[in-house]
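[1] sharing a sequence plus its predicted fold:
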Amino acid sequence: MARSVADQIAETLALAGVKRIYGIVGDSLNGLTDAIRRQAKIEWLHVRHEEVAAFAAGAEAHLTGDLAVCAGSCGPGNLHLINGLFDCHRSRVPVLAIAAQIPSPEIGSGYFQETHPQSLFQECSHYCELVSSVNQMPRVLEVAIREAVGKRGVSVIVIPGDVALQAAGDAPAAKLGGLLPPRPVVTPDPRDLDRLAALLNGDGRVTLLCGAGCQGAHDQLLALGERLKAPMVHAMRGKEHVEWENPYDVGMTGLIGFSSGYYAMLDCDVLLMLGTDFPYRQFYPERPGVRIAQVDLRAENIGRRAPVDLGVVGDVRATIAALLPLLQQKRDATHLAQAREHYAKARKELDRLAMGTPGKRLIHPQQIAKAVSDQAAGDAIFACDVGLPTVWSARYLAMNGKRRLLGSFLHGSMANAMAQAIGAQAAFPGRQVVSLSGDGGFTMLMGDFLSLKQLSLPVKVVVFNNGALGFVELEQKSTGFLDFGTELQNPNFAAMAEAVGVRGIRIEDAADVEAGIAAAFAHEGPVLVDAVVNRTELAMPPSITVEMAKGFTLYMVKAVFNGRADEIIDLAKTNLWR
């Protein structure tokens, strides 16, 4: 059998270290999938929905730092990839998507399933090209891999099924040295370091805001915190890299953060942003005289969220290492002590909210999240859905330097958690993987729950079953709207899991939470924990604005006048002392 273009693709991907491809087979992909089958070096992971394939690939890329691959057949097949690819691209993880195309002679004729992926995927990729002839291969694929790895994001190659089956050209084989560019370490110009040191050496109180760019810089952050006596606030994507064994961490800011993180940022004289593109401008200090400095590897991030007095382009770890010798030791730890005291109070209050009352059927979702954190493995990988599961994950999952946390923290897509858990478990079969899913997110892509059984992936899926799109409902109420369109009529998810051959555990009483979570983690295969939790739990933000207070008041008035006073009673029972 002559060596085909599809064989070229499989060979190049194997050379690039690709271990698996997530996708769904289809006629336009048959050449590639058959090449992979014959080559026997790359695993094909058959999922039930292409969106899951993209999310799973993104999770693998996030955890390993290496190129991950997903694929979709022509038309609707690869179009399903797009939401997951947007998440991958915004999260800056290296993912290659292979989008099969209709037969090349039919392109432009309105053929069955015809779309134009090279246009559709432009917004969620660094590189997106159509392979229209054998002479373009493997060059287009090599460029796509370099773009995804070098720029940290998505590349897409579009290839008609008939082109993939054609005999390969005589192009030289790719060489590994030029295929996977190493990540640069960028140290700022010494003049920028001097200016930053001068700003930080002043008498002002310094607070650090730390994001995902702080990965790998934990030791340097601790040294910086000690030198400046500065509290550290972390963004959601910085949680897994910053908060563990850190005496300077004072929690997270933002709508789902801690009050201590919120006030540590507002009540400072100098805010130093490190590797973060934290988007919510209303949480940045606006007091006259506050100065802001920002360190980021990406120059386009400087000043994007708040007006900065000094922008420094550089890798966070390298920048701090070069900066430390220029910094004077601060002696006044009053600002740090105040922030830490506030954090201790906030932490104590949040832990109190996670306490269940034995014999009471009302389960607070905080209790579920804390039980998961307390009992999970030391190197567990967590994936959380958007909305309330992200709130509980931010507040109750304890990081330790080995645990990892996945989510759709920039794109904000529903249904990401279980899909990302599939990629995490495939890439790390020996580690515990936990999906913290909302009932809305879980049911949106529930078909791929079957993939856990079929692919023998022992993911533990914890469903916060509150019968509603809870975060949306909270948003509606906080802005004065009556909740509408948020109710979910759910089945018994545990019974459903048992019906498809997966262990199901239903928790309906606060007294059973710890035992139920323990049983789930003790089981060797996949498990679904159906945690029936309180629908009216308030996820209070760190600061209540006048507008939000007015919104809740208005909601309560509307509810009474619309004959829904029972909702007000439930809300009061749940949250009066919480």
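    The structure has been received and is ready for your questions.

[2] would you map the strands across the stretch 251-400 of the chain?
    Assigned by DSSP state E, counting those that start in this stretch, the stretch 251-400 of the chain shows strands spanning 270-274, 291-296, 310-313, 381-384.

[3] show me which residues of the longest helix along the chain are buried.
    Taking DSSP state H as the criterion, the chain has its longest helix at helix 334-353. Buried residues in helix 334-353, counted by 16 or more other C-beta atoms under 10 Å: His335, Leu336, Gln338, Ala339, Arg340, His342, Tyr343, Ala346, Leu350, Leu353. Glycine gets a C-beta too; all of them are placed from N, C-alpha and C.

[4] distance check, the last one against Phe493.
    So that's Leu353. Distance, Leu353 to Phe493, by C-beta to C-beta, to the nearest Å: 24 Å.

[5] same for the helix or strand hosting Leu222, what does it pack against?
    Leu222 belongs to helix 218-228 when assigned by DSSP states H and E. Counting contacts by 3 or more C-beta pairs under 8 Å, 6 or more residues apart in numbering; DSSP states H and E, helix 218-228 packs against strand 206-210, helix 239-242, helix 316-323.

[6] pick the most buried one from these.
    Across these, averaging neighbours per residue (mean count of other C-beta atoms under 10 Å) puts strand 206-210 on top, at a mean of 28.

[7] okay, the angle between that one and helix 334-353?
    If you take axes from the mean of the first three to the mean of the last three C-alpha atoms, to 10 degrees, strand 206-210 sits at 50 degrees to helix 334-353.

[8] which residue is nearest the centroid of this protein?
    For the chain, the residue sitting closest to the mean C-alpha position, by C-alpha atoms, centre = their mean, is Gly407 at 2.4 Å.

[9] now that residue. Nearest residue, chain neighbours left out?
    Cys384 (4.8 Å; C-beta to C-beta, 6 or more residues apart in numbering).

[10] burial of the one you found, as a residue count?
    Neighbour count for Cys384, taken as other C-beta atoms under 10 Å: 32.

[11] same question, the one 3 residues further on
    Gly387 is surrounded by 23 other residues when neighbours are defined as other C-beta under 10 Å.

[12] quick one: the residue nearest to it when sequence neighbours are not counted from Asn416, how far?
    Spatially, and ignoring its direct neighbours in sequence, Gly387 is nearest to Phe471 (3.4 Å; C-beta to C-beta, 6+ apart). Using C-beta to C-beta, we find Phe471 at a distance of 14 Å from Asn416.

[13] between these two, who's got more neighbours?
    More neighbours surround Asn416 than the other of Phe471 and Asn416, with 33 against 21 (other C-beta under 10 Å).

[14] now Leu482: how far from Gly438?
    For Leu482, the distance to Gly438 - C-beta to C-beta - is 21 Å.

[15] and the two? Which one has more around it.
    Neighbours were tallied for Leu482 and for Gly438 using other C-beta under 10 Å; the higher tally belongs to Gly438 (29 against 14).

[16] is it true that the more buried one touches Val391?
    No. Between Gly438 and Val391 there is no contact under C-beta atoms under 8 Å: 10.4 Å.

[17] name the strands paired with the helix or strand hosting Glu129 and say parallel or antiparallel.
    Using DSSP H and E, Glu129 maps to strand 127-130. Within its sheet, strand 127-130 is paired with strand 154-160 (parallel), according to DSSP bridges.

[18] so for the partner strand, mean pLDDT?
    Strand 154-160 shows a mean pLDDT of 98.

[19] ok, and for the following helix or strand past that strand, which residues are buried?
    Next along the chain after strand 154-160, taking DSSP H and E as the criterion, comes helix 161-165. Buried residues in helix 161-165, counted by 16+ other C-beta under 10 Å: Gly161, Asp162, Val163, Ala164.

[20] likewise stretch 55-65?
    In stretch 55-65, counting by 16+ other C-beta under 10 Å, buried: Phe55, Ala56, Ala57, Gly58, Ala59, Glu60, Ala61, His62, Leu63, Thr64.

[21] nearest to Gln294, out of those: which one, please.
    Ranked by distance to Gln294 (C-beta to C-beta), the buried residues of stretch 55-65 are led by His62 at 23.5 Å.

[22] would you mind measuring from the closest residue to the closest one other than its chain neighbours to Arg237?
    Spatial nearest neighbour of His62, excluding adjacent residues (C-beta to C-beta, 6+ apart): Val93 at 4.8 Å. Val93 sits 12 Å away from Arg237, going by C-beta to C-beta.

[23] likewise for Val149?
    According to C-beta to C-beta, Val149 and Arg237 sit 20 Å apart.

[24] repeat that for Leu272.
    From Leu272 across to Arg237, the span is 17 Å (C-beta to C-beta).

[25] and for Phe484?
    32 Å.

[26] and those two? Which one has more around it.
    With neighbours defined as other C-beta under 10 Å, Phe484 and Arg237 compare such that Arg237 has more, 23 against 9.

[27] re the thing from before, list the helices and strands the longest helix of the chain packs on?
    If you count contacts as 3+ C-beta pairs under 8 Å, 6+ apart, helix 334-353 packs onto strand 206-210, strand 249-252, helix 259-266, helix 365-375.

[28] make TSV from those and add mean pLDDT and distance to Pro458 to it.
    Converted to TSV, the helices and strands packed on helix 334-353 look like this (pLDDT from 0 to 100; distance: least, C-beta to C-beta, whole Å):
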stretch	mean pLDDT	distance to Pro458
strand 206-210	98	33
strand 249-252	94	30
helix 259-266	89	35
helix 365-375	97	15
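
[29] one step back: name the nearest of the buried residues of stretch 55-65 relative to Ser133.
    For the buried residues of stretch 55-65, the nearest to Ser133 is Ala57 (27.1 Å; C-beta to C-beta).

[30] on the three-state scheme, that closest one is what?
    Three-state call for Ala57 (DSSP: H, G, I helix; E, B strand; the rest coil): helix.

[31] surely it meets Lys19?
    No. Using C-beta under 8 Å as the test, Ala57 is too far from Lys19 to be in contact (11.1 Å).

[32] before we move on, back to that, please identify the helix or strand for the residue nearest to Gly387.
    Per DSSP H and E: helix 470-478 holds Phe471.

[33] now do whatever helix or strand comes next after that helix: everything it contacts.
    Later in the chain than helix 470-478, the nearest helix or strand by DSSP H and E is helix 493-499. Helix 493-499 has contacts (C-beta atoms under 8 Å, 6 or more residues apart in numbering) with 439, 442, 449, 463, 465, 503-506, 527-530.

[34] which ones are touching the residue nearest to Gly407?
    Cys384 neighbours (C-beta under 8 Å, 6+ apart): Thr390, Trp392, Ser393, Leu397, Leu405, Leu406, Gly407, Ala417, Ser435, Leu436.

[35] which one (most neighbours) among those?
    Of these, with other C-beta under 10 Å as the count, Leu436 tops at 35 neighbours.

[36] is that residue in contact with Val462, as I believe?
    Yes. Counting by C-beta under 8 Å, Val462 is a contact partner of Leu436 at 5.4 Å.

[37] just give the nearest non-adjacent residue to Pro526, would you?
    Leu452 is the one closest to Pro526 (C-beta to C-beta, 6+ apart), at 4.0 Å.

[38] how far away is Leu96 from Gly17?
    From Leu96 to Gly17 the distance is 12 Å (C-beta to C-beta).

[39] pick out whichever of the two has more residues nearby.
    For Leu96 versus Gly17, neighbours defined as other C-beta under 10 Å are more numerous around Leu96 (28 against 12).

[40] doesn't Ile157 make contact with Phe121?
    No. Look at Phe121 against Ile157 with C-beta under 8 Å: they stay out of range, at 10.0 Å.
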